[in-house]
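>>> Sharing a model prediction with you, sequence too.
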Amino acid sequence: MRSAGRLHRAGPVLRFVAPKVLQALFVVWATYTVTFLLIHALPGDPVLAALAVRAGDAATTDPEVLDALRAQYGLDGSILHQYVSHFLALFRGDLGVSMATGYDVSDMVARALPKTVAVAALALVLGFVGALAFTIAAYLARPQWLRGAISQIPPLGIAIPAFLTGVVLISVFAFQLGWFPASGADGFASTVLPAITLSLPTGAIFYQVFSAAVFEAGEAGFVRTARAKGLSQPVVIGRHILRNAVLPAITIIGLQIGYLAGGTAVVETVFSRDGIGRITVDAVLARDINVVTGVVMVVAVIYAVTTMIVDLLYGVLDPRIRTRVAAKPRTRSHAATPAGGDDA
Amino acid sequence: MRRLLNPVTLLSALVLVVTLIAVIWPGLLAPYDPFDSVGDARLEAPSAAHLFGTDALARDVFSRVVYGARLSLLAAVLATTAGAVLGGLVGLISGTAGGRVDFAIMRVIDVMLAIPGILLALIVVASLGFGAVSIAIGVGLGATGSFARVMRAQVMRIRNEEYIEAARTMGLRRPTILFRHVMPNASQPIVAMASTELALAILAVSALSFLGFGAQPPTPEWGSLVSDGRQFIATAPWLSIMPGSVILVVVLAVNGLARNLGGNR
C-alpha cells in the first residue's frame, strides 16, 4: 500500500517528464534521418566530391583505393547498415572522421564549441536586454507616433544581413575607434562585436514576443487593479507586466538556438573566429559531408536538450501548468476506480 | 486606395522597379562594364563618377552591384518558388489525405522546421556542389516546411466550406475539386507568405554566396561582392558596406510590400 502511494506520488512527475524526454529523442532521430536521406537522395558520390576538391583532376579513381577510403570514412556497406551504425555511433559520441582533415569530428566540434557558445550566450543576453529596453520604451511612449516609431526599429534586426552589421562594426569600432579587435578569438573583448552582430536577429525575435505579451498584459485586469491600488509605474511594469512577458520568451529559446547556429557561420567568417560556424563553412568548401552531418547533429542535440529543459522549467516557473499536472492524476484515478473494480 | 498612397509602399515599389530594371536590363543602369577595369583607379572612395567606389582591380563597384542583381535575385526567386510549389503540394496532400498520412507528413515537416534553414541549405550545397542553383535548392528546401504548414491549414479550413460540399454533391471528381476549388481559395495566404519568404530568401542566398558557395569569380553576386571587399575593410570599407546596404534596402522594400499583401488577410 505504502509503495503504491509513493509510486502514485512519483507518477505525475514521471508522466510530466517522460514525454518530454521522448520528444527530445524523436527530434534527434528525425533530424538524423532527414539529413541522411538528403545526403543519399541527392546525386553525387561524397567521397569522390571530397577527393576532387582536395586533389583536383589528379584525384584517384582506383576502385580499391576508393573502397579503402569509404571504409575509413564509414561510408561503406549498404545504405541501411550505414543508417543504423552511424545513428548508434551518435550515442557513443562518435561522429565519424573528417574527410578533409582526417581528425575525429567529435574532437573538432568539442574544441570549437566553447568559442561559439561564448559568443552565442553573450548574443542571447544582449538580444534579451535590448528587446526588453525597446519594449519598455515603446510601452511608455505616450504619443502614438513615437510608439509607432520605436516599434519599427527592432524588426530591422532580421532584415539586416549579418555580414553587413559585422563589416560596419569592424570598420567603426575596430579600425576607426580601436576599441575591440577586428578578428580572432582571444578573450572577452573579441566576443563583443560578433555577439552584437548575432544579437540583432535574436533581439528582433525576443521583441516580437515581449511586445505582444506586454501590450496584452497592459490591457489586462490585474494591471488596472495594480494601478488602482496606487502602485507606481515602475512597480507595475516590473512586477506585473514584465513577469508576464518574460515567461513566453523562454519558450522561444529553442528557435533562437536555431537562428544562432545558422548565424555563427556568417559571423565567424566575418570576424575570422574559430568555432562551429567556421568548421561548417570549411567543411562545405571541402565537400566534407561527415563534418557537416556531425555539426548538424550536435546542433540538433543542443536544440532538443534545451527545448526539453525549457519545457520542464516552464512547468516549474508557471504555477498554472504545475497545478494542471498535479490535478491530472486525481481526475484520472477517479475515472480509473470503476474500471479497476470491473477488472477485479 | 489609402494603402497605395502610403509612403512606405510607394518607396518600396520604387526600389523594386529599379531593382527589376537592374535584373532585366542592367546595361541601362550600370555606367561601366562590370568585368573591366576603368583605368588605374584602384580602391577609390565613392564619388560622382563611381557611386560605390572602385575595387582592387579598378572595377566600378556600382556596375558590379547592378550586374550582380540578376543572379542574386533569380536564385532567391527560384528558392521561394521551389519552396512554395513543393511546400504547397505537400500541404495539399497532407490536408486532403488526413489521418495517418497527414500525421506522418506533419512530423517530417516539424523536423524540417526544427533544423535551422541555413544548415539545411549547407547540407544541400555540400552534397550538390557550389553555384546559384544548388544555393537556391538549399534555401528553397529550408522554406518548404512553413509553406506546407500554411497550405495544410488552408486546406483544412476550405475542406468544410459549403461550396466544396456543393461541388462534391454535383459529382465533380476529386482532382477537379482540388485544383479548381481548393487551390485558388488557398493560394492567397501562400502568395502573401511567399513575399515575406522572398525577403528571407534574398538574405539566405546572399549569406551563402558571402560564404563562398555561389558563383565563382569574376561573376558578380551580391553576397560575394561583400566578401570580396572584406579584405580591404581597414582601408576601403565601402567596398563591403555599399553592396551590403543594397541588399538591406531591397530586403526592406520587399518586406514593405509584403506587409501590404499580408494586410489583405
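Arrived safely. Residues are numbered from 1 along each chain as shown, chains lettered A, B, ... in the order given.
>>> Chain A - how does it break down into domains?
A:17-90, A:105-328 (automatic domain parsing).
>>> Quick check: A:Lys20 vs A:Leu260, distance?
22 Å (CB to CB, to the nearest Å). Heads up, the C-betas are built off the backbone N, CA and C, glycines and all.
>>> How about A:Val295?
13 Å.
>>> got the end-to-end distance for stretch B:119-137?
End-to-end distance of stretch B:119-137 (CA to CA, to the nearest Å): 13 Å.
>>> how many neighbours does A:Thr251 have?
14 (other CB atoms under 10 Å in any protein chain shown).
>>> what about the residue nearest to it when sequence neighbours are not counted, helix or strand, and which?
The shortest distance from A:Thr251 to any non-neighbouring residue, by CB to CB, 6 or more residues apart in numbering or on different chains, is to A:Val310 (6.3 Å). Assigned by DSSP states H and E, A:Val310 belongs to helix A:289-317.
>>> what packs against that helix?
helix A:2-41, helix A:46-55, helix A:105-140, helix A:242-251, helix A:253-270, helix A:276-285, helix A:319-343, helix B:117-128 (3 or more CB pairs under 8 Å, 6 or more residues apart in numbering or on different chains; DSSP states H and E).
>>> After the last one, which helix or strand is next? Please name it.
By that I understand helix B:117-128. Per DSSP H and E, the first helix or strand lying C-terminal to helix B:117-128 is helix B:132-159.
>>> Does the residue of the stretch 151-265 of chain B found nearest chain A belong to a helix, a strand or coil?
Using CB to the nearest CB, the single residue of the stretch 151-265 of chain B nearest to chain A is B:Gly244, 3.4 Å away. Under the three-state scheme (DSSP: H, G, I helix; E, B strand; the rest coil), B:Gly244 adopts helix.
>>> how about the nearest residue to it, chain neighbours excluded?
Closest residue to B:Gly244 apart from its sequence neighbours, by CB to CB, 6+ apart: A:Leu164 at 3.4 Å.
>>> Show me which residues of the stretch 151-300 of chain A sit near chain B.
For the stretch 151-300 of chain A, the contact set with chain B under CB under 8 Å from any CB of the partner chain comprises A:156, A:159-164, A:167-168, A:170-171, A:175, A:182, A:254, A:258-259, A:261-263, A:265-266, A:269-270, A:280-281, A:283-285, A:287-289, A:292-293, A:295-296, A:299-300.
>>> how about the residues of the stretch 1-150 of chain A near chain B?
Taking CB under 8 Å from any CB as the criterion, the stretch 1-150 of chain A approaches chain B at residues A:27, A:30-31, A:33-35, A:38-39, A:42-44, A:46, A:49.
>>> mind redoing it with 7 Å?
A:27, A:30-31, A:34-35, A:38-39, A:42, A:44 (CB under 7 Å from any CB of the partner chain).
>>> Which residue does the stretch 51-200 of chain A have closest to chain B?
A:Leu164 (3.4 Å).
>>> For that residue, identify the helix or strand it belongs to.
Following DSSP H and E, one finds A:Leu164 within helix A:162-169.
>>> just the angle between whichever helix or strand comes after that helix and helix A:276-285, please?
Note on helix A:162-169: by DSSP H and E, the next helix or strand toward the C-terminus is helix A:189-219. On the basis of axes from the mean of the first three to the mean of the last three CA atoms, to 10 degrees, helix A:189-219 is oriented at 110 degrees to helix A:276-285.
>>> So which elements touch helix A:189-219?
Here helix A:189-219 touches helix A:105-140, helix A:156-159, helix A:162-169, helix A:242-251, helix A:253-270, going by 3 or more CB pairs under 7 Å, 6 or more residues apart in numbering or on different chains; DSSP states H and E.
>>> could you give the angle of the last one to helix A:276-285?
What it means is helix A:253-270. Relative orientation of helix A:253-270 and helix A:276-285, computed by the same axes, to 10 degrees: 70 degrees.
>>> ok now helix A:253-270, how far from the chain's centre?
8 Å (CA atoms, centre = their mean, to the nearest Å).
>>> Looking at that helix now, give me its mean pLDDT.
Average pLDDT, helix A:253-270: 86.
>>> in stretch A:267-280, what's buried?
Neighbour-count burial for stretch A:267-280, with 16 or more other CB atoms under 10 Å in any protein chain shown as criterion, is recorded at A:267-271, A:273, A:275-280.
>>> nearest to A:Val97, of the residues you listed?
Comparing these against A:Val97 with CB to CB places A:Ile279 closest, at 14.1 Å.
>>> quick one: the closest one and A:Leu113 touch, right?
No - with contact defined as CB atoms under 7 Å, A:Ile279 does not count as touching A:Leu113 (9.6 Å).
>>> Apart from its neighbours in sequence, what residue is nearest the residue in the stretch 201-344 of chain A that chain B sits nearest to?
Nearest to chain B, among the residues of the stretch 201-344 of chain A, is A:Gly262, at 3.5 Å (CB to the nearest CB). Once flanking residues are discounted, A:Gly262 sits nearest to B:Ile118: 3.5 Å by CB to CB, 6+ apart.
>>> Work out the gap between stretch B:187-195 and the centre of the chain.
So, by CA atoms, centre = their mean, the centroid of stretch B:187-195 is 13 Å from its chain's centroid.
>>> Let me know how buried B:Leu14 is, in neighbour terms.
Counted with other CB under 10 Å, residues neighbouring B:Leu14 total 11.
>>> what's the distance between it and chain A?
B:Leu14 is 18 Å from chain A, where distance means CB to the nearest CB, to the nearest Å.
>>> can you check B:Phe147 too?
B:Phe147 is 17 Å from chain A, where distance means CB to the nearest CB.
>>> Please apply the same query to B:Leu10.
17 Å.
>>> Just give me the neighbour total for the residue nearest to A:Thr251.
What A:Val310 shows, counting by other CB under 10 Å, is a neighbour count of 16.
>>> my read: it touches A:Ile252, true?
No - at 9.0 Å, A:Val310 does not count as touching A:Ile252 under the criterion of CB under 7 Å.
>>> Report the spatially closest residue to residue 120, excluding sequence-adjacent ones.
This is for chain A. Nearest non-adjacent residue to A:Ala120 (CB to CB, 6+ apart): A:Leu260, at 4.5 Å.
>>> Chain B was what I was after
B:Leu120's closest residue in space is B:Gly142 (CB to CB, 6+ apart), at 4.6 Å.
>>> Model confidence for that neighbour, exactly?
Taking B:Gly142 on its own, its pLDDT is 89.
>>> list the contacts for B:Asn255?
If you count contacts by CB atoms under 7 Å, 6 or more residues apart in numbering or on different chains, B:Asn255 has them with A:159, B:199.
>>> How far does the helix or strand harbouring it sit from its chain's centre?
If you go by DSSP H and E, B:Asn255 is part of helix B:238-263. Put simply, helix B:238-263 sits 11 Å off its chain's centre (CA atoms, centre = their mean).
>>> which parts of it are buried?
B:238-261.
>>> What of stretch B:89-108?
B:90-96, B:102, B:105-106, B:108.
>>> just to revisit the earlier point, tell me the contacts of the residue nearest to A:Ala120?
Shown in contact with A:Leu260 (CB under 7 Å, 6+ apart): A:120, A:123, A:198, A:202.
>>> what about the residue lying closest to B:Met151 once chain neighbours are set aside, which SS state?
Leaving aside its sequence neighbours, B:Met151 sits nearest to B:Gly91 (CB to CB, 6+ apart; 2.7 Å). Assigned by three-state DSSP, the conformation of B:Gly91 is helix.
>>> tell me the pLDDT at B:Gly91?
pLDDT, B:Gly91: 91.
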